[in-house]
Structures are given as C-alpha cells and as structure tokens.
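> sequence first, then the predicted structure:
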Amino acid sequence: MRKHGRTARRIKKLLWQVHVPRWVDNQGVLLPTEGSGISRGIRRQIFFSEYEDKEIEIVAKRLASDDVVMEVGAGIGFLSAYCAKRIGSERVFAYEANPALMELIAATYRANGVAPTVRNVLLARGEGTREFHVEPEFWASSALPGSGNAKTIRVPQADLNSELQRVRPSFLIVDIEGGEIEFFELADLATVRKICVETHPAIHSSAALSKMLGGLIAQGFALDFTLMRKNVLYLSR
C-alpha cells in the first residue's frame, strides 16, 4: 500500500473519525494535534499531511546542506524543525511574532530533537514594539489590521536588517500574512540566494505583489516556474 495512495487516504479518513494521535508525522517531522492554537481545521491539516504542504514541498527540494535558513513567521515550528533535522539546528533561525505560539514551537522542537534559534519578535525597521493582531486561527494573525475577531496586542520588534546582517541567511522562508511587501521593501538581501514566500492576493492587489516581485527580480532573483504552488513562490539567484 502506497503511503499517500488512495487506500491509505481512505484508511486515514476512517481513523480521523475514531482516533487522532497527539503527534502526527508530516514529512519526517512530528507535529502536535493538540494544544492552545490548534483548531480543528489545523488538526485536520496536520493529520492528513496538508499543513504547509506547499512550503514543505519547495523547501524539501531546494534546501542544501550549506544553507543558513531564516524563517519569518514560524507558526508551530514545522518548517524550522524540518530544516534543522536536515542541516542542523545551528544553521536555522526562526522568528514568530505571536507569543501564544512559543510553547507549541518549543514542544515541536523537543519532540523532534532539534533546537533552532527562535525569537518571539516581529521583524521590521528599528527596535521597539509594534501592534500585532491575533486572530482566532493563528495562521491569519498579522501586523496588518485584523478582522473583527482579532485581539490587538503589542509585541517586541527587532530590526530586520540587523538580524539579516547577524544571521547572514542564504535561504529565506517568509509567511507573514500580508507583511511580505513591507518585509521585502526593507530587507537587505545581500547574503540571500533562495526565497520561499507565501503571497496574499486576498490582502494585496496584483499590482502591489507584482511590484514586490519586480523588486526581487531587479536584485537578480529569478522566479522558478516549476515550483509555483498556488500563492507560494520560490525565487533564487
């Protein structure tokens, strides 16, 4: 029986109705199906290996042993844990603005025997604090104005370019719910060779996103048309 075949999928659908284990393997990474912030929708995505499936496909194909990874918008720590298992924890740096996710990130790292450097900060211009809008579904939380259900808090802000200069990443993974335009307007990408970014056309116009991509192309990045996964893009130089 193939791991991701039709029969395996049917069995998983039956199991979903009966028993969901507390930890589920996604691409070799154990992810929690319980905990603060794990909604039924996220739980289902993790159980069926659909959680951040577009990003993990790209990262799995393009991550190299000599990369230094900087993930901005770490979520529950999936991609940073995956990268750490592949290239070593000392080469992976993760950033998450939402303080409510820090325990889940730590739990994910412990379960997988990895220890990337992780900071609970929002990266922008300058040091200080910044408004952050926490949504009921953690993945939708953003520095941009939230929905009527969002809880607005203040979070620490670290200077983006200071972190880029300190870490000197070769591979950037960016998923910050609409914050990508501000991020790439500010970022000094001198050491970066690879970018995996989720774009958010429900938030930004096609013209604004095209301008962002145009700015990256002007810096020598090329869009990989073989790895376009809906709104998740991969660029390299």
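Structure's in. What do you need? Numbers count the residues shown, from 1 in each chain.

> going forward, measure contacts between C-alpha atoms and count neighbours the same way
Noted.

> can you pull out the helices in this structure?
Applying DSSP state H to the chain gives helices spanning 6-18, 40-47, 53-62, 78-87, 102-112, 160-167, 180-186, 206-218.

> now, of those, which is deepest in the fold?
helix 78-87 (a mean of 23; mean count of other CA atoms under 10 Å).

> who touches residue 28 in this structure?
residue 82 (CA atoms under 8 Å, 6 or more residues apart in numbering).

> quick one: residue 150 and residue 137 touch, right?
No: in this structure, residue 150 is not within contact of residue 137 by CA atoms under 8 Å, at 9.4 Å.

> need the helices of the chain in CSV with distance to residue 125 and mean pLDDT, can you?
Output for these, formatted as CSV (distance: least, CA to CA, whole Å; pLDDT from 0 to 100):
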stretch, distance to residue 125, mean pLDDT
helix 6-18, 44, 67
helix 40-47, 32, 91
helix 53-62, 26, 97
helix 78-87, 24, 98
helix 102-112, 23, 97
helix 160-167, 6, 98
helix 180-186, 7, 96
helix 206-218, 17, 97
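
> the ones you listed: which one's closest to residue 231?
helix 53-62 (8.9 Å; CA to CA).

> what's the angle from the closest one to helix 40-47?
30 degrees (axes from the mean of the first three to the mean of the last three CA atoms, to 10 degrees).

> run through who's touching helix 53-62.
Helix 53-62 is touched from outside by 27, 79, 196, 227, 229, 232, 234, with contacts defined as CA under 8 Å, 6+ apart.

> CA-only coordinates of that helix in CSV, if you can.
Coordinates of each C-alpha in helix 53-62 appear next as CSV, following Å, rounded to 0.1, in the frame of the first residue of the first chain:
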residue,chain,number,x,y,z
ASP,A,53,2.3,21.3,2.3
LYS,A,54,3.2,23.8,-0.5
GLU,A,55,6.0,25.3,1.5
ILE,A,56,7.4,22.0,2.6
GLU,A,57,7.5,20.7,-0.9
ILE,A,58,9.5,23.7,-2.1
VAL,A,59,11.9,23.7,0.9
ALA,A,60,12.4,19.9,0.7
LYS,A,61,13.5,20.3,-3.0
ARG,A,62,15.7,23.3,-2.6
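
> angle of it against helix 78-87?
Using the same axes, to 10 degrees: helix 53-62 against helix 78-87 is 20 degrees.

> dump the helices of the chain to JSON lines, plus distance to residue 133.
Formatted as JSON lines, the helices of the chain follow (distance: least, CA to CA, whole Å):
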{"stretch": "helix 6-18", "distance to residue 133": "32"}
{"stretch": "helix 40-47", "distance to residue 133": "19"}
{"stretch": "helix 53-62", "distance to residue 133": "23"}
{"stretch": "helix 78-87", "distance to residue 133": "22"}
{"stretch": "helix 102-112", "distance to residue 133": "16"}
{"stretch": "helix 160-167", "distance to residue 133": "19"}
{"stretch": "helix 180-186", "distance to residue 133": "16"}
{"stretch": "helix 206-218", "distance to residue 133": "22"}
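
> and the contacts of helix 53-62, which of them are buried?
Listed as buried from those are 79, 196, 227, 232, 234; burial here means 16 or more other CA atoms under 10 Å.
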